[in-house]
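Asks: Just a sequence and a predicted model for now, questions to come.
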Amino acid sequence: MTEIAAGSSNNSQSPKGDRRGVFAAIALFLRQVVSELKKVVIPTKRDWFSYTLMVLGFVAVVMVIVSALDFLFGQASIFVFTNQLEQ
């Protein structure tokens, strides 16, 4: 079993060999972008409605949690800073 390091390759190309394909690399990139965009599934109206309700529900839950924590920490700070023993 032979292992090849990640940076090494079997063929020996000069650094100038990579420069000749700049436009080919750009074209390959654009072809791959178009290929990936063809895989995208556009949600239906029902999916949009469902996702919107889920997001609004999640935001409401987070708002309740943050509000509760804000109230509790506010009450705790009032208790700590106003209930001093006077002597």
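Replies: Now that the structure is in, tell me what you want to look at.

Asks: could you check the distance from the most centrally placed residue in the chain over to Phe71?
Replies: Centroid check for the chain by CA atoms, centre = their mean gives Val55 as the closest residue, at 16.0 Å. Using CB to CB, to the nearest Å, we find Val55 at a distance of 24 Å from Phe71. C-betas here are computed from N, CA, C, even on glycine.

Asks: Likewise for Arg46?
Replies: The gap separating Arg46 from Phe71 is 38 Å, by CB to CB.

Asks: what about Ile42, how many neighbours?
Replies: 6 (other CB atoms under 10 Å).

Asks: sorry, that was for Phe58
Replies: Look at Phe58: counted by other CB under 10 Å, it has 10 neighbours.

Asks: And Tyr51, by the same measure?
Replies: Neighbours of Tyr51 under the rule other CB under 10 Å: 11.

Asks: how about the nearest residue to it, chain neighbours excluded?
Replies: Pro43 (6.9 Å; CB to CB, 6 or more residues apart in numbering).
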